[in-house]
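Student: sequence isn't available, so here's the structure alone:
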């Protein structure tokens, strides 16, 4: 959202800006809500609605433009989030009076303002309170996509996207569905036709299509209302991505918006559209290969090339992930659609790594490799000799820390899928991971992920990890000491969040090591770690506000230790009635944690009985 404090407009600009800042200010958790904005809503809303009609000509063409009308709409949206249902009866008369107004050539301002006002109040009021109003408004909005004024069409496309975002959820059975078998054909027809509109409007329409698709997620696995239109929408979006515009920047933005809409469609795709999803893989491989052959002369051209290349790799990642998903009921998937192009996929991604593209591209390509490992499973081992140099380079890229972070995550993906085939590379990989943990040059956000990845590697290479235990244990002790110190200090939310991430990394590392080594090696090498781990659990048990993920990982680690090395039950008994036992109670008291920790709780209880 633009900085409202910088909008120095004549007239009522100060009136617009002050409530906006008031609504958007971060309120302390313990603060009392006096409902000042809700009480002022009847007085402020008429002022804001009047300002909405003070648009500037052609402002819809410039994403960075800012004026009194846009400030008023932003303020109205913030007030809706604060006042919720109370704002609806104050705004809807203005909407109803102006949304179809066309008595004179200047009335486009009224139509646009009414549409902007309606779109601005969709977030805040409950879905049920707006359901009937939105259902009635859809016809007006779809018709308005043919309005003679491009500004009105632009705002209408934005509002339709907001409608889908906040009011369309096919999995919500508490309210009647907004999109039905009877209404969907008209919606699709209007949106696809509007993709041929001016570029700035087509960009909004792409977003609306993505929101439409998101609303069908979770409704049904086998099919959805969107299935019958899936191939047609994908085809038109691919065509839209190829549109050329006098403004190359706008063409690039439209291309990226079309690909983002395809991502949303693929994520929401039902089983009966998987054939179409699979057919998209060679299409996007070809598009990525085109970008590798581009010659960029200027910095601007290189930036556009990198942005496009990164977006294409992102689409490829989404395609691979969707086709690799396993049905939990019968463990089936559509991996075969990926594997038939396996060599082409890896060759293409290696070309991207080798092209010297920007940081963002390497991140997206690395994420695509991570998704690809799950499609291949252990068969990914054949690509390790070719991929390893880029994996190593990414781990050493401390300056571009996002690339390093993504690479660490991808290493975990590789380890989970190639299993012990990673062993020939482990000497250097573990050395790099330990070096990064101890280096002040490595961004702190990477270090919890490194610890988790060490656990992944240890779990997969099994007893082969024994030779790395001493330096790894030293680093884990240092990490635990740091975490305990941070927990003892009254830090802000960012420090608390980071400390929880660090804890999760430590716990996952230990869990992977114990399970990977097996009973004999763990007994010989890790039993001395149990008292330290229990003390660490005690520090977690002292938290006033426990984190679900931390508690779950800690309880499961204790279960892993006891099941791997049963003799540690006596060690645990010596620490009976410690703060770590609060974690067991927390799991028992929270039903959402019971399924994930039931096995570990049972192991701990049995061990306590034996001891």
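Tutor: Yes, it's here. No experiment lies behind these values; they were computed from the predicted model shown.
Student: please name the nearest non-neighbouring residue to residue 562.
Tutor: Closest residue to residue 562 apart from its sequence neighbours, by CB to CB, 6 or more residues apart in numbering: residue 607 at 4.6 Å. Placement of C-beta: from N, CA and C, glycine included.
Student: from residue 530, how far out is that neighbour?
Tutor: Distance of residue 607 to residue 530, given as CB to CB, to the nearest Å: 12 Å.
Student: overlap in contacts of these two?
Tutor: Here residue 607 and residue 530 have 568, 572 as joint contacts, going by CB atoms under 8 Å, 6 or more residues apart in numbering.
Student: before we move on, back to that, where does the residue nearest to residue 562 sit, in terms of helix or strand?
Tutor: Taking DSSP states H and E as the definition, residue 607 sits inside helix 591-610.
Student: which neighbouring elements make contact with that helix?
Tutor: When contacts are defined as 3 or more CB pairs under 8 Å, 6 or more residues apart in numbering; DSSP states H and E, helix 591-610 packs onto helix 548-564, helix 569-574, helix 581-589.
Student: which residues of the stretch 451-600 of the chain score low on pLDDT?
Tutor: Scanning the stretch 451-600 of the chain for pLDDT under 70 picks out 490-491.
Student: pull out the buried residues from stretch 400-410.
Tutor: The neighbour-count check on stretch 400-410 (16 or more other CB atoms under 10 Å) flags 400, 401, 403, 404, 405, 406, 407, 408, 409, 410 as buried.
Student: what's the answer for stretch 70-89, then?
Tutor: For stretch 70-89, by 16+ other CB under 10 Å, it's 70-84, 86-88.
Student: centre of the chain to that stretch, how far?
Tutor: In this view, stretch 70-89 has its centroid 26 Å away from the chain centroid, taken as CA atoms, centre = their mean, to the nearest Å.
Student: got it, and stretch 498-515?
Tutor: 22 Å.
Student: okay, and which of the buried residues of stretch 70-89 map to helices?
Tutor: 70-83, 88 (DSSP state H).
Student: what sits against residue 253?
Tutor: Counting by CB under 8 Å, 6+ apart, residue 253 has contacts 199, 203.
Student: helix or strand for it, just tell me which one.
Tutor: Assigned by DSSP H and E, residue 253 falls in helix 248-267.
Student: residues in contact with the next helix or strand after that helix?
Tutor: Remark: after helix 248-267, the chain's next helix or strand is helix 274-292, criterion DSSP H and E. For helix 274-292, contacts defined as CB under 8 Å, 6+ apart pick out 230-231, 234, 238, 262, 266, 269, 305, 308-309, 312-313, 315-316, 319-320, 322-323, 334, 337-338, 341, 344-345, 348, 351-352, 355.
Student: buried ones in helix 274-292?
Tutor: 274, 276, 277, 278, 280, 281, 284, 285, 287, 288, 291.
Student: can you name every helix or strand that the next helix or strand after that helix contacts?
Tutor: Beyond helix 274-292 on the C-terminal side, the first helix or strand identified by DSSP H and E is helix 299-324. Under the contact criterion of 3+ CB pairs under 8 Å, 6+ apart, helix 299-324 touches helix 248-267, helix 274-292, helix 336-339, helix 342-354, helix 359-376.
Student: circling back to that earlier point, so which of the helices and strands packed on helix 591-610 is the most packed in?
Tutor: Ranked by mean neighbour count, the helices and strands packed on helix 591-610 are led by helix 548-564 with a mean of 22 (mean count of other CB atoms under 10 Å).
Student: so it versus helix 581-589, what angle?
Tutor: 110 degrees (axes from the mean of the first three to the mean of the last three CA atoms, to 10 degrees).
Student: packing partners for helix 548-564?
Tutor: helix 493-525, helix 530-541, helix 569-574, helix 581-589, helix 591-610.
Student: got the contact list for the last one?
Tutor: I take that to be helix 591-610. For helix 591-610, using CB under 8 Å, 6+ apart, the contacting residues are 548, 551-552, 555-556, 558-560, 562-563, 566, 568-569, 572-573, 576, 584, 586-588.
Student: circling back to that earlier point, mind putting the helices and strands packed on helix 299-324 into JSON lines with distance to residue 126?
Tutor: Output for the helices and strands packed on helix 299-324, formatted as JSON lines (distance: least, CB to CB, whole Å):
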{"stretch": "helix 248-267", "distance to residue 126": "24"}
{"stretch": "helix 274-292", "distance to residue 126": "34"}
{"stretch": "helix 336-339", "distance to residue 126": "41"}
{"stretch": "helix 342-354", "distance to residue 126": "45"}
{"stretch": "helix 359-376", "distance to residue 126": "36"}
